[in-house]
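# Below is the sequence, then the predicted model.
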Amino acid sequence: TKQHVFIRSLIILFLSCITVKLNLCFSSIPYSLKTLNLEGHFNFDEVHHAARDFGNRYQFLPSAVLHPKSVSDIATTIKHIWEMGPHSELTVAARGHGHSLQGQAQSHRGVVINMESLQDPKMQVYAGNFPYVDVSGGELWINILHESLKYGLAPKSWTDYLHLTVGGTLSNAGISGQAFRHGPQISNVHQLEVITGKGEIINCSEKQNSELFHSVLGGLGQFGVITRARISLEPAPEMVKWIRVLYDDFATFARDQEHLTSAENAFDYIEGFVIVNRTGLLNNWRSSFNPQDPIQASQFKTDGKTLFCLELAKYFNPDKNEKVNQEVENSLSLLSYIPSTLFLSEVSYLQFLDRVHVSEVKLRSKGLWEVPHPWLNLLIPRSKIHNFAEKVFGNILKDTSNGPILIYPVNRSKWDNRTSAVIPEEDIFYLVAFLSSAVPSSTGTEGLEHILNQNKRILEYCETAYLGVKQYLPHYTTQEQWRTHFGPRWEVFAQRKSTYDPLAILAPGQRIFQKAI
Ligand code: FAD
């Protein structure tokens, strides 16, 4: 009948509308991006690189990679996705140097922004009474060092490895051996330019849009893409006295470390690491030691014993060499390390700061750089560090052949608690970093499973012993776990998200908020 034909036509029309809508949501997404007027460009085919990171364990393919030439390219893209509303599944991940460990800079079927393409604004150093450098959010720290050194200046606070971007480390914290004095990198930023999840370009600082400024610092990429940063500088030294000494007792090691972090001007950099029954491939042992080579301190054969290596640096200019030698000698004379284990050399400031790159080159040549990295980074309150050391080193962890374990104290007073970074409650806490590399296809103690199991046991111990530990570079899979991580600060974090990225478009790889579709 006519009525049936009419109803059938209506059903067909309805079904084709749904198909068109689905097509719009999925297949035509890249096409809608193609219509945007940009200075840079999208790549829809060569996207595999954006699905990889240093961790080498998670791979989520994006639909497109944006190579921005200008800040407005990024704003236009995010605004476009924001205007598509909650029905589009598209998300956006800024990718710095892709040195995340668990897919944090990836976006499954979304858009990855290759931040290193953003060379606008050109890096500019301001050498005055309070020097600073203006950089793009995609700039590598190594490039900032090279540029600022031309003016005799350098940033104050670093990471151990400099081939990371400004946006990437400021989204976490940026911690290294200078943090005890200057705080992490997020404590050394004057101003940011940020593009929110609505595509707005906003300048922010302590004084201007301060809520956004503090949200973004340590904000795990949740509130905006950092397109520009103004970073505080100081006069750069020419040279560094680089020192390593060994201890066979944790209590003495920790006491000396803490003493040095509170002593005025004793050293400019303080770190340390653990050596447990070390014999493996990543840490070759050599029988002859050269006291002029601090690297050799980490190559001691420990015969099953656990050793603790204190690593120090004193900056100096050659015209003050004698005076600085005396100061170093005085500071060292107050320490209780094993007397025959003093390793000391003098290197340029650049060589010192870029030291991990030397290891990178060596590991790459052996095919040991692009392997899975099941790293575990913990922030442990000072009052619990002895329990932790006793339980973990030589006990849960029988050797350190899979890579270095860093351990050093930092002062909470150098952190700004208005930022999004999550740290323990106590005045002093330790960074303990298990920087493991897994040998692919190994099922033994060098294999991924073994290392992951060890990490799990360490985390379980922290939890059952109520150590008050926080993860640095955290990774969780449920929102419940994230709530526990943030503790009482969760409400503020979630509120900030609903203000700056209400559709949860940004940094989906952190798996904190899900875009509602
Ligand atoms: P990516 O991995 O690309 O991104 C990290 C996160 O930040 C992602 O969620 C991403 O979406 C987001 N993001 C990236 N760029 C931006 C931006 N412009 N705006 C907003 N969000 C952005 N950390 C330390 O603190 N101290 C160390 O000493 C240290 N040493 C390291 C050594 C090595 C060898 C490696 C691999 C890592 C080290 N890290 C260290 C960790 C490092 O700081 C983080 O992994 C950092 O995120 C890496 O920077 P990236 O540029 O590769 O960021």
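Good, I have the coordinates.
# immediately after the strand or helix carrying Gln454, which helix or strand?
Gln454 belongs to helix 448-464 when assigned by DSSP states H and E. The element immediately downstream of helix 448-464 (helix or strand, assigned by DSSP H and E) is strand 470-472.
# what about that next one, average pLDDT?
Average pLDDT, strand 470-472: 98.
# Name the surrounding residues that touch that strand.
For strand 470-472, the external contacting residues (CB atoms under 8 Å, 6 or more residues apart in numbering) are 172-173, 175, 376-379, 422-424, 431, 433, 485. All C-beta spots, glycine's among them, are computed from the backbone N, C-alpha and C.
# got it, and stretch 235-245?
Counting by CB under 8 Å, 6+ apart, 148-149, 152-154, 268-269, 294, 297-298, 309-318, 324-325, 328, 332, 335, 337-338, 341-349, 351-352 sit against stretch 235-245.
# Buried residues, it. List them.
Within stretch 235-245, the residues that count as buried by 16 or more other CB atoms under 10 Å are 236-237, 239-245.
# in the helix holding Gln454, what counts as buried?
In helix 448-464, counting by 16+ other CB under 10 Å, buried: 448, 450-452, 454-455, 458, 461-462.
# For that helix, report the contacting residues that lie outside it.
Contacts of helix 448-464 (CB under 8 Å, 6+ apart): 57, 372, 374, 376, 378, 380, 388, 391-392, 396-397, 402, 434, 436, 438, 440, 442-444, 467, 469.
# Spell out for me the ChimeraX command that would select the buried members of the residues you listed.
In ChimeraX, this line selects whichever of the contacts of helix 448-464 come out buried by 16+ other CB under 10 Å:
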select :57,372,374,376,378,380,388,391,392,397,402,434,436,438,467,469
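# Give me the phi and psi for the residue in the stretch 301-450 of the chain that the ligand sits nearest to.
Relative to the ligand, the nearest point of the stretch 301-450 of the chain is Val356 (6.0 Å; CB to the nearest ligand atom). In terms of degrees, to the nearest 10, the main-chain angles of Val356 are phi -70, psi -30.
# what sits against it?
160-162.
# go again using 6 Å as the cut-off
Residues in contact with Val356 (CB atoms under 6 Å, 6 or more residues apart in numbering) are 160-161.
# what do you get for Leu344?
Ile243.
# Validate this expectation: it resides in a strand.
Yes. Remark: Leu344 belongs to a strand, assigned using DSSP: H, G, I helix; E, B strand; the rest coil.
# give me the beta-bridge partners of it?
Taking DSSP bridges as the rule, Leu344 bridges to Ile243.
# And the pLDDT for it?
94.
# how close does it get to Gly177?
To Gly177, Leu344 is 16 Å away according to CB to CB, to the nearest Å.
# do Ala516 as well
Look at Ala516 and Gly177: by CB to CB, they are 43 Å apart.
# can you check Pro237 too?
Using CB to CB, Pro237 is found at 14 Å from Gly177.
# residues near Asn395, how many?
Number of residues near Asn395 (other CB atoms under 10 Å) recorded here: 13.
# give me the element it is part of.
Using DSSP H and E, Asn395 falls outside every helix and strand.
# Quick check: phi and psi on it?
phi -120, psi -80.
# now it: how far from Gln454?
When Asn395 is compared with Gln454 (using CB to CB), they lie 11 Å apart.
# who's in contact with the residue positioned nearest the centre of the chain?
By CA atoms, centre = their mean, the chain has its centre lying nearest to Thr169, at 4.7 Å. Counting by CB under 6 Å, 6+ apart, Thr169 makes contact with 159, 185.
# What pLDDT does the model give Ser287?
Looking at Ser287, the pLDDT reads 39.
# Around the ligand, pick out the residues from the chain.
By CB under 6 Å from any ligand atom, the residues of the chain that approach the ligand are 53-54, 93-100, 104-105, 115, 137, 159-161, 164-165, 167-169, 171-176, 220-221, 225-226, 473, 507, 509-510.
# what element comes up after the least confident helix or strand in the chain by mean pLDDT heading to the C-terminus?
In the chain, no helix or strand scores lower on mean pLDDT, DSSP states H and E than helix 2-25, which sits at a mean of 58. Using DSSP H and E, the helix or strand that follows helix 2-25 in sequence is helix 29-34.
# Can you tell me what sits against the very next helix or strand once past that following helix?
Downstream of helix 29-34, the first helix or strand assigned by DSSP H and E is strand 41-43. The contact list for strand 41-43 (CB under 6 Å, 6+ apart) reads 33, 64-67.
# before we move on, back to that, ok, so what distance separates the residue of the stretch 301-450 of the chain closest to the ligand from His259?
Val356 is 26 Å from His259, by CB to CB.
# Just the strands from the stretch 401-517 of the chain, written as ranges.
405-411, 428-434, 470-472 (DSSP state E, counting those that start in this stretch).
# Can you lay out these as a markdown table showing distance to Glu264?
As requested, these are exported to a markdown table (distance: least, CB to CB, whole Å):
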| stretch | distance to Glu264 |
| --- | --- |
| strand 405-411 | 13 |
| strand 428-434 | 16 |
| strand 470-472 | 27 |
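# Out of those, flag the one nearest Ile74.
Closest to Ile74 of these, according to CB to CB: strand 470-472, at 27.2 Å.
# The closest one pairs with which strands, and in what direction?
strand 376-381 (antiparallel).
# following the strand it pairs with, which helix or strand shows up next?
Going down the chain from strand 376-381, the next helix or strand is helix 385-392, by DSSP H and E.
# That following helix: how far from the chain's middle?
25 Å (CA atoms, centre = their mean, to the nearest Å).
# what about this protein, any weak spots by pLDDT?
For the chain, applying pLDDT under 70 flags the ranges 1-2, 5-6, 9-29, 278-289, 299-303, 517.
# before we move on, the earlier item: show me the residues of the chain next to the ligand that map onto helices.
Judged by DSSP state H, helices contain the following of those: 167-169.
# ok so, going back, and the furthest pair within the contacts of strand 41-43?
Leu33 and His67 (12.5 Å).
# So between the two, which is more surrounded?
Shown here are Leu33 and His67; by other CB under 10 Å, Leu33 has more neighbours (20 against 16).
# what's stretch 400-420 in contact with?
Counting by CB under 6 Å, 6+ apart, 179-180, 183, 186-187, 214-215, 217-219, 257-258, 261, 270-274, 276, 278, 280, 282, 423, 427-428, 430-437, 451 sit against stretch 400-420.
# Narrow these to just the buried residues.
Buried subset of the contacts of stretch 400-420 (neighbour count, 16+ other CB under 10 Å): 179-180, 183, 186-187, 214-215, 217-219, 257-258, 261, 270-274, 276, 278, 280, 282, 423, 428, 430-437, 451.
# which residues in the stretch 251-400 of the chain form helices?
321-333, 349-353, 355-365, 385-392 (DSSP state H, counting those that start in this stretch).
# Off-centre distance for the longest one?
Going back to what we said before, that points to helix 321-333. 34 Å.
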